[in-house]
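Engineer: give me the fold of what follows.
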Amino acid sequence: AVSFDFAEDVEKAVPEFLRGVKADLTPYWLNLPDPEPAIRMVDPAWTGGIPTTFLFDAQGKLVFKHTGRVKATELREAIDKVLDPGR
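Structural biologist: Residues are numbered from 1 along each chain as shown. From the prediction side, this is the model:
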């Protein structure tokens, strides 16, 4: 998980959110003078709106994207679908 938000969110808000959706992930703070190349690597079509949530499968394919506050149930459903493609 990568957070392009604020450093303090990486330490508190992001882990709280991930626990809330039962996602066992570690958020990372990307602190670059120019984040544009990293943004383009995540999704070339992304205009940079935040918050935006991206979910990639094990092959690195973007399988879920949501701009704005994502509902925990919606993200949980997307994660479960990636973990069990036969759902």
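Engineer: so Ile50 versus Arg69, what's the distance?
Structural biologist: From Ile50 across to Arg69, the span is 10 Å (Cβ to Cβ, to the nearest Å). Where C-beta positions appear, they are placed from N, C-alpha and C, glycine not excepted.
Engineer: and the pLDDT at Glu77?
Structural biologist: Glu77 is assigned a predicted lDDT (pLDDT) of 93.
Engineer: what sits against it?
Structural biologist: By Cβ atoms under 8 Å, 6 or more residues apart in numbering, the contact list for Glu77 is empty.
Engineer: what segments of this protein are helices?
Structural biologist: All helices of the chain, identified by DSSP state H, fall at 7-11, 13-20, 36-42, 72-83.
Engineer: pick out the shakiest of those, pLDDT-wise.
Structural biologist: For the helices of the chain, mean pLDDT drops lowest on helix 7-11, to a mean of 73.
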